[in-house]
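Undergrad: Sequence and predicted structure are below.
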Amino acid sequence: MAKKLLLRLTKIKKASYLSRAIRIVRENHLFVDGWMLNNWMDTPSNIERMVLCRCGKKAVAVGIVLKKQEYHGYPNTGIFVKPSHRRQGIGTKILKQLSKTKIPLKVAYGTTPSINFYDKYKKDLNLHILY
C-alpha cells in the first residue's frame, strides 16, 4: 500500500508573511539556480500570490504568481517541487490554488516533464503557454 503524504498548502498573499515564506523557500532551495523563480523572490512587492507546500515540517514545493503589470509578455507563474516529492500530485494542487487568482497564468516550458505537466492542465485552468 502506498504511503499517504500529509501535505499542507499555505496560500500567502499578505506582505507581512511574504518575507518569511521567501526565506523558507531559499533555505529549502525550492528553485533551480539561475531560473526566474529565484529572481522573482528578489522583489516581493511583485508577487501576487505564493503557495508553499510542506510535508510534515519540511517545505517541499512552492508556486508563485506575479502581479499582472509585472510580466509584460514573460511567464508570470512558476512552480517548483523537490525531486523527491514529484509525481505525487503536489504540483497539481499548487497549480489549482494559483489558478484561483484573477490574473491569467502564463507559463513557459523548461523540460519535457514541465511540457507534459502544463499541457495536461492548459484547457481546464486556462493556462497561457509561452514557447
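TA: All right, it came through fine. Numbers count the residues shown, from 1 in each chain.
Undergrad: Check which helix or strand the residue positioned nearest the centre of the chain maps to.
TA: The structure's the chain has its C-alpha centroid closest to residue 63; by C-alpha atoms, centre = their mean the separation is 1.4 Å. Assigned by DSSP states H and E, residue 63 belongs to strand 58-66.
Undergrad: quick one: the strands in this protein?
TA: Assigned by DSSP state E, the strands in the chain fall at 7-12, 47-55, 58-66, 77-81, 106-108, 128-130.
Undergrad: Where is the longest helix in this structure?
TA: For the chain, the helix reaching the highest residue count under DSSP state H is reported as helix 15-27.
Undergrad: chain center to that helix, what's the gap?
TA: Chain-centre distance of helix 15-27: 14 Å, with C-alpha atoms, centre = their mean, to the nearest Å.
Undergrad: Which other helices and strands does it contact?
TA: strand 7-12, strand 47-55, strand 58-66 (3 or more C-beta pairs under 8 Å, 6 or more residues apart in numbering; DSSP states H and E). (Glycine included, C-beta is placed from N, CA and C.)
Undergrad: rerun that using 7 Å as the cut-off
TA: In this structure, helix 15-27 packs against strand 47-55, strand 58-66, with contacts taken as 3 or more C-beta pairs under 7 Å, 6 or more residues apart in numbering; DSSP states H and E.
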